[in-house]
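K.L.:
One predicted model, sequence on top.
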Amino acid sequence: MKLRCGAIDTKMFPLAIALVIMLGGCLASTYTPTRFYTLNPNPDPPKHERSRLSLGVYKLGYARMYKQPMVYTEPDRALGFDAFNEWAEMPRDTVTRAVVSAVVLGGGFADAGYAYELSRPDLVLTGEIRKFDQARGGAEWLAVCEVHFELRERFGEGVLWVETLTAESVLPSKDPSGFAAAMSLAVAEVAEQAAERIATRGRLAGG
């Protein structure tokens, strides 16, 4: 018995090719690449007399929503994520670096830096980012940075300072670039506040 193979209708080729091109165009038109934005906080804290103590700063923790995607909040407290705009690095890294820079610039310690860089620092600083939002609503949108800090003696049980610091900065434009510019200022302000308080408590602890 002979098997007959079905003939291929070549008249359908142009239609198939046109369909593939059309679908490819639709898929390409819906693709939006993610854009990444840098933060450039430049803290300028008050200068302090150098103490005999050293300070080690641990990398900050963070509430689980504050990773790289930009976060915004609405007036009704609803929280959302920007699908196509992210920070170039984790906010915890940016804020920790700003705090370390502010403490070093303030000059209140014999040595200060990341805890892993120092050998047995006298004091240690830990903390957590609790807000890193674009607050929408009203005529002005705000960049809000809120960080909880705890300063402790490394070799004792003393807690020298516990406080939650918050800074807000108005967005110069209601877009991701404006958010990055405003958040840079807010992060710098929090770092300056922290450095001032840390130096004061450290001076008291040093006697």
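P.N.:
Great, that's in hand.
K.L.:
ok, now which ones touch the residue most central in space within the chain?
P.N.:
Geometric centre of the chain, nearest residue: P91, 1.6 Å, by C-alpha atoms, centre = their mean. Taking C-beta atoms under 8 Å, 6 or more residues apart in numbering, we find P91 in contact with 39, 62, 66-68, 129, 132. No exception for glycine: its C-beta is placed from N, CA and C like everyone else's.
K.L.:
Which members of the residues you listed are positioned in strands?
P.N.:
When those are checked against strands (DSSP state E), the matches are 62, 129, 132.
K.L.:
for the residues you listed, which one is nearest T200?
P.N.:
Among the ones in strands among the contacts of P91, I129 lies closest to T200 (C-beta to C-beta), at 22.6 Å.
K.L.:
count of neighbours near the nearest residue to that closest one once chain neighbours are set aside?
P.N.:
In space, and not counting its chain neighbours, I129 is closest to Y62: 4.1 Å by C-beta to C-beta, 6 or more residues apart in numbering. Look at Y62: counted by other C-beta atoms under 10 Å, it has 19 neighbours.
K.L.:
Quick check: Y62 touching R92?
P.N.:
Yes: counting by C-beta atoms under 8 Å, Y62 does reach R92; the two are 4.8 Å apart.
K.L.:
who touches both of these two?
P.N.:
Residues touching both Y62 and R92 by C-beta under 8 Å, 6+ apart: I129.
K.L.:
List the contacts of E74.
P.N.:
Residues counted as contacts of E74 (C-beta under 8 Å, 6+ apart) are 80, 136-137.
K.L.:
re the thing from before, separate out the buried members of the contacts of P91.
P.N.:
Burial by neighbour count, 16 or more other C-beta atoms under 10 Å: within these this picks out 39, 62, 66, 129, 132.
K.L.:
Kindly indicate which of those residues lies nearest E192.
P.N.:
L39 (15.2 Å).
K.L.:
give the contact list for that closest one.
P.N.:
Per C-beta under 8 Å, 6+ apart, neighbours of L39: 87-88, 91, 94, 180, 183-184, 187.
K.L.:
Give the ChimeraX command for selecting the buried subset of those.
P.N.:
Provided next is the ChimeraX selection string for whichever of the contacts of L39 are buried by 16+ other C-beta under 10 Å:
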select :87,91,94,180,183,184,187
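K.L.:
Quickly check the contacts of L39 for the two that are furthest apart.
P.N.:
A88 and V187 (13.5 Å).
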